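Enquirer: Output the structure for:
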Amino acid sequence: MNLHSRWARLLSPVLYLGFGLIALASIVALIVALDSVGLLLFNGWVELPVLILTAGSLEGWYATKLTCFFEGLRQPKLQDHLRQSFLVYIVAGWLLYQTISLPYYGGLGEAYRLTATVVALYWMIINALSILLISRL
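Expert: Residues are numbered from 1 along each chain as shown. Just a heads-up that it's a prediction; the model follows:
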């Protein structure tokens, strides 16, 4: 293993988490844009899952492809998923703990925390499925 691939493997969790933060920001921005023009149904309970499934899936697929390319992986394995998503697992666990343990008052901060929790959990699933699909192609 050369020096470049060692650094790439070390930095890939940070890179993948960065892509996840971009995905979260784009989903929240789309919800805010839909709300500003009055197109939200049921306060976003319909649009948010649709945006997480579509935007999250597309951005997750491309983030996994770019991270695998950055690492130089041709046939990624389960251990590659665990390494790439390591920081996402930590963030998702912390967000899940915060969502479960803190009281809910119905504020905007709680909505953002719940959205971030769902996106982080979905982001891990997308990485695993994308790596499985890439390894089969």
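
Enquirer: what about R74, is that helix, strand or coil?
Expert: Each residue gets one of three states, and R74 gets coil by DSSP: H, G, I helix; E, B strand; the rest coil.

Enquirer: residue contacts, it?
Expert: Taking C-beta atoms under 8 Å, 6 or more residues apart in numbering, we find R74 in contact with no residue. To be clear about C-beta, it is placed using only N, CA and C from the backbone, and glycine gets the same treatment.

Enquirer: Would you list the phi and psi of it?
Expert: Per-residue torsions, R74: phi -100, psi -40 (degrees, to the nearest 10).

Enquirer: try W45
Expert: When read as degrees, to the nearest 10, the backbone of W45 gives phi -70, psi -20.

Enquirer: Show residues contacting stretch 42-50.
Expert: Residues from elsewhere that reach stretch 42-50 (C-beta under 8 Å, 6+ apart): 27, 30-31, 34-35, 39-41, 115.

Enquirer: Can you flag the buried ones in those residues?
Expert: Among these, those scoring as buried are 27, 30-31, 34, 40, 115 (criterion: 16 or more other C-beta atoms under 10 Å).

Enquirer: Minimum pLDDT in those, which residue is that?
Expert: On pLDDT alone, L40 ranks lowest of the buried ones among the contacts of stretch 42-50, at 82.

Enquirer: Surely it touches I31?
Expert: Yes - using C-beta atoms under 8 Å, L40 and I31 qualify as a contacting pair, with a distance of 7.4 Å.

Enquirer: Run the chain-centre distance for stretch 22-31.
Expert: Stretch 22-31 has its C-alpha centroid displaced from the chain centroid by 11 Å (C-alpha atoms, centre = their mean, to the nearest Å).

Enquirer: What residues sit buried inside it?
Expert: Of the residues in stretch 22-31, those buried by neighbour count under the rule 16+ other C-beta under 10 Å are 23-24, 27-28, 30-31.
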